[in-house]
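Engineer: Below are the sequence and a predicted model for it; my questions follow.
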Amino acid sequence: AQKITQTQPGMFVQEKEAVTLDCTYDTSDQSYGLFWYKQPSSGEMIFLIYQGSYDEQNATEGRYSLNFQKARKSANLVISASQLGDSAMYFCAMVDMDTGRRALTFGSGTRLQVQP
Amino acid sequence: DGGITQSPKYLFRKEGQNVTLSCEQNLNHDAMYWYRQDPGQGLRLIYYSQIVNDFQKGDIAEGYSVSREKKESFPLTVTSAQKNPTAFYLCASSTSLNTEAFFGQGTRLTVV
């Protein structure tokens, strides 16, 4: 069974600094996908970035990058040049591609607060 | 614009009543999902569907039912058997390759 662990319930970062949100995962599948989502107080889930298990390069999307370390089973999100609007809950998720159940499994989330 | 539409945004239900939450997508995605989120928690999978006319139970399916008669639509019914239905419900859809997954705005259900 797949499992996502986010060990940081809350994080603080100064505006314009970089921050890393941790995510580790567990799966027996060889083929899987990793996602990060942002959830502001309004409740919507905003897709940030995706990394496939066979992708050799780390995914990047603007100020977001995913530090993918396959051997360690970690998929940390790096946000560069933090902005006040980055304050939100962040969820790591994964989907197994090999097994019959192809649905996203989520971690418990990290609340990020950006301070001016 | 392509996207996922959930309705209503807020829903109040009396105890013992069934209610249906709507989820429609025009992204031409094959897969659709329903998640439940309780305050301060992550998302838990209720039901998912990979293709039309087929769906699977997730981790917390008891007290819920779904249908997938059309590719665009995946309604969720919260039945009276669901003992604690007050929560935030999120619908999502993804491509068959699961390389992207998008969510609707959510429905906040409250039992009164």
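Structural biologist: All right, it came through fine.

Engineer: Please tell me how far residue A:31 sits from residue A:48.
Structural biologist: Distance of residue A:31 to residue A:48, given as CB to CB, to the nearest Å: 21 Å. To be clear about C-beta, it is placed using only N, CA and C from the backbone, and glycine gets the same treatment.

Engineer: Looking at those two, which one has more neighbours?
Structural biologist: residue A:48 (19 against 14; other CB atoms under 10 Å in any protein chain shown).

Engineer: now that one, what's its secondary structure?
Structural biologist: Of the three states, residue A:48 takes strand under DSSP: H, G, I helix; E, B strand; the rest coil.

Engineer: close enough to count as contact, it and residue A:60?
Structural biologist: No: contact criterion CB atoms under 8 Å: residue A:48 and residue A:60 do not qualify, at 10.8 Å.

Engineer: give me the low-pLDDT residue ranges for the chain?
Structural biologist: Since you didn't name a chain, this refers to chain A. A:100 (pLDDT under 70).

Engineer: Chain B was what I was after
Structural biologist: B:1, B:98.

Engineer: Near the closest residue to residue A:52 other than its chain neighbours, how many other residues are there?
Structural biologist: Distance criterion CB to CB, 6 or more residues apart in numbering or on different chains; nearest residue to residue A:52, sequence neighbours excluded, is residue A:33 at 5.4 Å. If you count neighbours by other CB under 10 Å, residue A:33 ends up with 24.

Engineer: before we move on, which element is residue A:33 in?
Structural biologist: strand A:32-39 (DSSP states H and E).

Engineer: Strand partners (parallel or antiparallel) of that strand?
Structural biologist: Pairing partners of strand A:32-39, with direction, according to DSSP bridges: strand A:46-52 (antiparallel), strand A:88-96 (antiparallel).

Engineer: before we move on, back to that, residues in contact with the residue nearest to residue A:52?
Structural biologist: The neighbourhood of residue A:33, defined by CB atoms under 8 Å, 6 or more residues apart in numbering or on different chains, consists of A:50, A:51, A:52, A:53, A:94, A:95, A:97, B:98, B:99.

Engineer: are any of the residues you listed buried, and which?
Structural biologist: A:50, A:51, A:52, A:53, A:94, A:95, A:97, B:98 (16 or more other CB atoms under 10 Å in any protein chain shown).
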